[in-house]
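**Q** need a structure here:
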Amino acid sequence: MALGVSEEHLELAASVRGYAERHGGPMPGLLGLHLPEESGGQGYGLGELAVALEELGDALVPGGFLPTVLASTVLASTVLASTVLRRSGPVGDDIQKLLAGLADGSRSGAVALGAGLTGTPADGGLILDGESGPVLGGSLADLVILPVLHGAGGAGPQERWAVVDAADLAVTGLDSLDLTRPLATVRADRVPVPAGRVLPGLGRTEITSLAATLFAAEASGIAGWAVRTAAEYAKIRHQFGRPIGQFQAVKHRCARMLTAAEQAAAAAWDAAAAWDEVPVRDEVPVRDQVWAPQAQFAATVAAVVALDAAVSCTHQCIQVLGGIGYTWEHPAHRYYRRALSLRALLGPAADWARQVAELALGGTRRPVRVDLPADAGPLRTQIRADLAAVAALERPEQTARLAAGGWVVPHLPAPWGRAAGPLEQLVIAEEMKHAGLRAPALLIGAWVVPALVSYGTPAQQERFLPATLRGEITWCQLFSEPGAGSDLAGLTTRAERDAEGQGWRLTGQKVWTSLAKEADWAICVARTDPSTRRHAGITYFLVDMKSPGVTVRPLREMTGDALFNEVFLDGVLVPDDQVVGEVGDGWRVARTTLANERVSLSRTWTFGSGTPELLDVLGGLGEEARQSQLGAAGRLVAEGHAIDVLGMRVTLKQLSGTEPGATGSVRKLLGMRHAQEIAELCWSMEGPAAALGSSPWARQVLLTRALTIGGGTTDIQLNIIGERILGLPRDPEPPTG
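**A** Now for the predicted structure:
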């Protein structure tokens, strides 16, 4: 669940975590981690600060760190907006001095997000009156950044932001829901603010977006603590003679918590990265700078996803803990209180969700892309030259050359692939597109090839792999049965030795088989030893779909289509040279296939129910109807962006050599349900027309029901996350005999 993706981020997180555990506070130097060196900082960025905030949130560090770094981030962004993006006037030396004080810890700060103060112009500055609150860390701050309304001729009241010494304000402490961090109101009574402390360049949108970004990073740490605490407790707490983590309800609760925490980390990381990607280019006119809208979009997504994740995960953690979690002594309620406090101070999730939808409808999105490192240059040059030679050939020759050159599945070892690492795979994909080359669509073959590379005999590899990589063989998969789905332990299809010693005779029924009518060959698992239980005694076969005894019957689905099939095997002869791996060891081979299937399905497969389609439907509504749906649509847009970011984080972790962990499994689980939810919302927006059989979104609702079933049902995926990632105990083996 770590927010950072690089080795440097992980090392920073470990340092912050270790110091917080030993000393109960932030390590020295963190206050200036994100600030420019000319402002007294260390010159990193919000990405590194977010990594630190996540760890401090996990440790529930008390005090004024978050409000102080929020204040310094606002001031640093003001300097950037004023001097680099040339918005408004220059920032005075006083702001730089304040920044230096916040960076070295000699000053503390806070930002009031609530309105309530007014300003009267005087000598280029303002005279402040009024009250604002609650202000996070207001009673700890030496200076407070305040929003101020003042008249501006015929344009009506305008909001400016001013930096005020806390000593000039009446600061009153409040009863804080968060027991570890104070709140206060601040009141100004004719307080003068010189012109140099009235901030140019930033408005409420950017300042609240910065707050959302930092709050989200801390919320990610809170969510991570809740997941870890719940899972560890579920391993040791026993009820009815078993650890509670063995009960599926608890296992699924913990797994869903992990998916929320992973989304929170992805959204918070992306929001911080967006602020660090300011396109500071002198040749780009100020009006064309796209930094602020993209950063606002990412921050708004984080405000929806990460803050709610912190609240829901701490809530669910208390539920897993049971009675002990409801006690004052257990720290769970302190984390819950902080999560609730962050959510309340930032504002309702529904309001932020509406902002996400409004930004997306207006064309503001944040592209999800991977910027490859500089050392990809020489590699790219060579790959581009090699692929240019392929592109110069005729189409049939192109296909043969791509297959022979290992370009179709480059991650596999030679000669079938190129043993390409993550970086080379990305470069190959980009350069294939650049050259206008298209590899054959292997479909099920993409899952077959790795199994044959790992377990096939040389003769099997030579017979099947070249033709498969050229797209000349179409495959189907004979795994699922009426009584055995994702588990395969309940297989009843039997394989018996042929009486004449020619091989094996397969008898049984398979179901949910895609491409069975078109397939030339099938991969099939069958039980060769009926005396063994579960996954033992299963063998992996290659079956010629034209063999006598193979019958394919289409299955009509709820949409009326017949994409799936049931396949009957009636004494189908399979020669010995079509057994892959050892007899009885087919489960090991099948796991290679299943693993590759789930990697493939972890991509964003929306089947026409994605964010672009949602925005098209939403944009086509009348004003009143559109306004009523903005909140629901915004949540789905935010979730969709977070899912896309999860995919990018998998790639970045692979590039940096760090372990992807739960990210890929979580993305597959979330992506399938997300497409269903978009279809359901778009269908509901059709109104009474949704009752018609011709409704396109009614069809999409029916079609997407398959997404949480195929490739391992949602329930199976939750079990996998709970057991393999969180380490929760498996269900006990059934008694034998």
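
**Q** which one in the chain is furthest away from the centre?
**A** The C-alpha centroid of the chain is most remote from E500, which lies 55.5 Å away (CA atoms, centre = their mean).

**Q** T300 in helix, strand or coil?
**A** What DSSP: H, G, I helix; E, B strand; the rest coil gives for T300 is helix.

**Q** if you skip the residues just before and after it, what's nearest to the residue nearest the centre of the chain?
**A** Centroid-nearest residue in the chain: L646, 2.8 Å away (criterion: CA atoms, centre = their mean). Nearest residue to L646, sequence neighbours excluded (CB to CB, 6 or more residues apart in numbering): R667, at 4.2 Å. In short, each C-beta sits where N, CA and C put it, glycine included.

**Q** name the element the one you found belongs to?
**A** In the assignment (DSSP states H and E), R667 maps to helix 663-684.

**Q** can I get that helix as PDB, trimmed to CA atoms?
**A** C-alpha atoms of helix 663-684 as PDB (Å, rounded to 0.1, in the frame of the first residue of the first chain):
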ATOM      1  CA  THR A 663      -1.800  -3.200  -7.300                       C
ATOM      2  CA  GLY A 664      -2.500  -5.500 -10.200                       C
ATOM      3  CA  SER A 665      -5.000  -7.700  -8.400                       C
ATOM      4  CA  VAL A 666      -6.800  -4.700  -7.000                       C
ATOM      5  CA  ARG A 667      -7.000  -3.000 -10.400                       C
ATOM      6  CA  LYS A 668      -8.600  -6.100 -12.000                       C
ATOM      7  CA  LEU A 669     -11.200  -6.300  -9.300                       C
ATOM      8  CA  LEU A 670     -12.100  -2.600  -9.300                       C
ATOM      9  CA  GLY A 671     -12.000  -2.300 -13.100                       C
ATOM     10  CA  MET A 672     -14.700  -5.000 -13.800                       C
ATOM     11  CA  ARG A 673     -17.100  -3.600 -11.200                       C
ATOM     12  CA  HIS A 674     -16.400   0.000 -12.400                       C
ATOM     13  CA  ALA A 675     -17.600  -0.900 -15.900                       C
ATOM     14  CA  GLN A 676     -20.800  -2.300 -14.500                       C
ATOM     15  CA  GLU A 677     -21.500   0.800 -12.400                       C
ATOM     16  CA  ILE A 678     -21.000   3.100 -15.400                       C
ATOM     17  CA  ALA A 679     -23.400   0.900 -17.400                       C
ATOM     18  CA  GLU A 680     -26.000   1.000 -14.600                       C
ATOM     19  CA  LEU A 681     -25.800   4.800 -14.200                       C
ATOM     20  CA  CYS A 682     -26.000   5.500 -17.900                       C
ATOM     21  CA  TRP A 683     -29.000   3.100 -18.100                       C
ATOM     22  CA  SER A 684     -30.700   5.000 -15.300                       C
END
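
**Q** buried residues in that helix, which are they?
**A** For helix 663-684, the neighbour count (16 or more other CB atoms under 10 Å) marks 663-683 as buried.

**Q** checking my notes, T185 in a strand, right?
**A** Yes: assessed by three-state DSSP, T185 belongs to a strand.

**Q** so what pairs up with it in the strands?
**A** In this entry, T185 is beta-bridged to T172, by DSSP bridges.

**Q** got a list of what it touches?
**A** By CB atoms under 8 Å, 6 or more residues apart in numbering, the contact set of T185 is 131-135, 138, 171-172, 174.

**Q** ok, back up a step: what's near enough to touch the residue farthest from the centre of the chain?
**A** By CB under 8 Å, 6+ apart, E500 has no neighbours at all.

**Q** and if we set it to 10 Å?
**A** Applying CB atoms under 10 Å, 6 or more residues apart in numbering to E500 gives the contacts L573.

**Q** now swap in R365 and tell me
**A** 293-294, 297-298, 301, 356, 359, 611-612, 615, 637, 641.

**Q** could I have the buried ones of these as ChimeraX selection syntax?
**A** In ChimeraX, a selection of the buried entries from the contacts of R365 looks like this (16+ other CB under 10 Å):
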select :293,294,297,298,301,356,359,611,615,637,641
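
**Q** among the contacts of R365, name the ones in helices.
**A** Residues of the contacts of R365 located in helices (DSSP state H): 293-294, 297-298, 301, 356, 359, 611-612, 615, 637, 641.

**Q** circling back to that earlier point, run through who's touching the helix or strand following the helix holding R667.
**A** For helix 663-684, the following helix or strand on the C-terminal side (DSSP H and E) is helix 696-704. Defining contact as CB under 10 Å, 6+ apart, one finds that helix 696-704 is touched by 557-561, 563, 605-609, 613, 617, 672-686, 689-693, 695.

**Q** export helix 696-704 as PDB, just CAs?
**A** The C-alpha trace of helix 696-704 is given here as PDB (Å, rounded to 0.1, in the frame of the first residue of the first chain):
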ATOM      1  CA  PRO A 696     -28.400   0.400 -25.700                       C
ATOM      2  CA  TRP A 697     -27.600   0.900 -22.100                       C
ATOM      3  CA  ALA A 698     -30.000  -1.900 -21.000                       C
ATOM      4  CA  ARG A 699     -27.900  -4.100 -23.200                       C
ATOM      5  CA  GLN A 700     -24.700  -2.800 -21.600                       C
ATOM      6  CA  VAL A 701     -26.100  -3.600 -18.100                       C
ATOM      7  CA  LEU A 702     -26.800  -7.100 -19.200                       C
ATOM      8  CA  LEU A 703     -23.500  -7.500 -21.000                       C
ATOM      9  CA  THR A 704     -21.300  -6.200 -18.200                       C
END
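
**Q** angle of that helix against helix 663-684?
**A** 150 degrees (axes from the mean of the first three to the mean of the last three CA atoms, to 10 degrees).

**Q** got the contact list for the following helix or strand past helix 696-704?
**A** Sequence order places helix 714-720 as the next helix or strand after helix 696-704, per DSSP H and E. Applying CB under 10 Å, 6+ apart, the external contacts of helix 714-720 come out as 248, 251-256, 258-259, 485-487, 598, 662, 665-666, 668-670, 672-673, 707-709, 711-713, 728, 730-731.

**Q** over to stretch 582-589?
**A** Contacting residues not belonging to stretch 582-589 are listed as 450-452, 454-456, 488-489, 491, 495, 497, 504, 523-529, 532, 534-541, 576, 579-581, 594 [CB under 10 Å, 6+ apart].

**Q** list only buried entries from the residues you listed.
**A** Buried members of these, scored by 16+ other CB under 10 Å, are 450-452, 455-456, 488, 491, 495, 504, 523-528, 535, 537-541, 579-581, 594.

**Q** circling back to that earlier point, average model confidence for the helix holding R667?
**A** Averaging pLDDT along helix 663-684 yields 88.

**Q** by contact count, what packs against it?
**A** helix 248-276, helix 586-601, helix 611-619, helix 623-656, helix 696-704, helix 714-720 (3 or more CB pairs under 10 Å, 6 or more residues apart in numbering; DSSP states H and E).

**Q** looking at those helices, which has the lowest confidence?
**A** Lowest mean pLDDT within the helices and strands packed on helix 663-684: helix 586-601, a mean of 62.

**Q** how about the host helix or strand of E206: buried residues?
**A** Secondary structure assignment for E206, by DSSP H and E: helix 204-236. Neighbour counts over helix 204-236 (16+ other CB under 10 Å) mark 206-235 as buried.

**Q** partner strands of the next helix or strand after that helix and their direction?
**A** Scanning forward in sequence from helix 204-236 by DSSP H and E, the next helix or strand is strand 238-239. Each strand paired with strand 238-239, and its direction, by DSSP bridges: strand 242-243 (antiparallel).
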